[in-house]
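In: just coords:
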């Protein structure tokens, strides 16, 4: 597995975790500003390219989505 694929999968899992935590906080009535977006930062240029255009990128075809 390339480092781009590993980083992409890691960012995907982190995104799922952020979404879960936001839903959890909302379900237990914790006040937070839902208009502010959560930021997920990555520095791997290959992973960012996959995230921006997953359909046409050659490396996506072997990632199990």
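Out: Thanks, I have the structure now. Not measured: the values here are computed from a predicted model. Numbers count the residues shown, from 1 in each chain.

In: When you work out contacts or count neighbours from here on, use the C-alpha atoms and nothing else.
Out: Fine.

In: Can you tell me what sits against the one helix or strand residue 16 maps to?
Out: Take DSSP states H and E as the rule and residue 16 turns out to sit in helix 3-27. Identification of contacts with helix 3-27 by CA atoms under 8 Å, 6 or more residues apart in numbering yields 31, 38, 40, 42, 44-48, 50-51, 59, 63.

In: 6 Å instead, please
Out: Contacts with helix 3-27, where a contact means CA atoms under 6 Å, 6 or more residues apart in numbering, come from 46-47.

In: Next, the angle helix 3-27 makes with the helix or strand following that helix.
Out: Note on helix 3-27: by DSSP H and E, the next helix or strand toward the C-terminus is helix 45-52. Going by axes from the mean of the first three to the mean of the last three CA atoms, to 10 degrees, helix 45-52 is angled at 50 degrees with respect to helix 3-27.

In: Going by neighbour count, which residues of the helix holding residue 16 are buried?
Out: Across helix 3-27, burial judged by 16 or more other CA atoms under 10 Å covers 4-5, 7-9, 11.

In: again with stretch 39-57
Out: 46-48, 50.

In: Can I get these in JSON lines including distance to residue 18 and pLDDT?
Out: Output for these, formatted as JSON lines (distance: CA to CA, whole Å; pLDDT from 0 to 100):
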{"residue": "46", "distance to residue 18": "22", "pLDDT": "81"}
{"residue": "47", "distance to residue 18": "18", "pLDDT": "81"}
{"residue": "48", "distance to residue 18": "18", "pLDDT": "80"}
{"residue": "50", "distance to residue 18": "20", "pLDDT": "79"}
